[in-house]
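Asks: got a structure for you, letters missing:
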Ligand SMILES: Nc1nc2c(ncn2[C@@H]2O[C@H](COP(=O)(O)OP(=O)(O)O)[C@@H](O)[C@H]2O)c(=O)[nH]1
Ligand SMILES: [Mg+2]
């Protein structure tokens, strides 16, 4: 029997976190529910501690630093990463598991139009931006088709993470996802991307909360991808 962990980064998610962990507990599927609190100043900590989830505190502020800590701590061979903000559908985990025999890592994509629900924050700009940056990555590194560079919902084999972790630890901010993806592609990891449902967020967004924040993040991701590409060519 395969065992699965799930890693949840949390920065001030008091509106969501209890309900989210409770729904995972009800599933009774995960060997470990790992919640990484990233210096939350609201009630997130006490809410997490009231559940069966494993509580971790990441002092280094950043989405990437939180996810890294959770991935590093997970003890099972298969690790899901997800956000607790109500944007993802937990039942989608079964679509990932269906692919686990054939692939080492399975990436979710939030840009499939038929899966984007009303009021989900994936308007034309964010959707096009994600697809554009993903295609840049795909063609530069000549990878399997991808259409999202910001999706937290992923299934990662622990052994694949172990291969890249010494490099991955360098990125602590919100450009973590494309960096993780590039490192995995470089290691010739067997990867497939699958569409996931994308829903309206509960609580307030801390990363892509307006046009400027999304645009700046997009530019940072493009610069990271191009820099990584140039370095990998020079090193060859
Ligand atoms: N922005 C941000 N999010 C963090 C941080 N640490 C953990 N997170 C969590 O990372 C996830 C992504 O942030 P979110 O606000 O949903 O960004 P969005 O998906 O672009 O709307 C959420 O679950 C946050 O609680 C951090 O330092 N900054
Ligand atoms: Mg979110």
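Replies: Thanks, I have it. Please read all numbers here as calculations on a predicted model, not as lab measurements. Numbering: from 1, shown residues only. Ligands and ions are numbered 1, 2, ... in the order given.

Asks: For the residue nearest the centre of the chain, give me its contacts.
Replies: When CA atoms, centre = their mean is applied to the chain, the residue found nearest the centroid is residue 152 (1.9 Å). Shown in contact with residue 152 (CB atoms under 8 Å, 6 or more residues apart in numbering): 9, 67, 81-83, 88, 108, 177. Placement of C-beta: from N, CA and C, glycine included.

Asks: and if you look at residue 8?
Replies: Shown in contact with residue 8 (CB under 8 Å, 6+ apart): 17, 20-21, 33-36, 53, 70, 81-84.

Asks: tell me, which of the contacts of residue 152 make contact with ligand 1?
Replies: 9, 83 (CB under 6 Å from any ligand atom).

Asks: For PyMOL, what selects the buried ones among the contacts of residue 8?
Replies: With 16 or more other CB atoms under 10 Å as the criterion, this PyMOL line picks the buried residues out of those:
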select buried, resi 17+20+21+33+34+35+36+53+70+81+82+83+84
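
Asks: Name the nearest of the contacts of residue 8 relative to residue 182.
Replies: residue 81 (16.5 Å; CB to CB).

Asks: Can you verify my assumption that that closest one contacts residue 71?
Replies: Yes: counting by CB atoms under 8 Å, residue 81 does reach residue 71; the two are 7.0 Å apart.

Asks: Please enumerate the strands of this protein.
Replies: Applying DSSP state E to the chain gives strands spanning 4-10, 32-37, 54-57, 78-81, 105-109, 154-157, 191-195.

Asks: Columns distance to ligand 2 and mean pLDDT on top of the ones you listed, output as CSV?
Replies: Formatted as CSV, these follow (distance: least, CB to the ion, whole Å; pLDDT from 0 to 100):
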stretch, distance to ligand 2, mean pLDDT
strand 4-10, 10, 98
strand 32-37, 15, 98
strand 54-57, 19, 98
strand 78-81, 12, 98
strand 105-109, 12, 98
strand 154-157, 14, 98
strand 191-195, 17, 98
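
Asks: want to throw those strands into a markdown table with distance to residue 25?
Replies: Converted to a markdown table, these look like this (distance: least, CB to CB, whole Å):
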| stretch | distance to residue 25 |
| --- | --- |
| strand 4-10 | 11 |
| strand 32-37 | 7 |
| strand 54-57 | 12 |
| strand 78-81 | 15 |
| strand 105-109 | 22 |
| strand 154-157 | 19 |
| strand 191-195 | 25 |
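
Asks: Residues of the protein that sit close to ligand 2?
Replies: Applying CB under 5 Å from the ion, we find that the chain lies next to ligand 2 at 83, 85, 87.

Asks: Near the second one, how many residues? Count them for me, please.
Replies: Under the neighbour criterion other CB atoms under 10 Å, residue 85 is assigned a count of 23.
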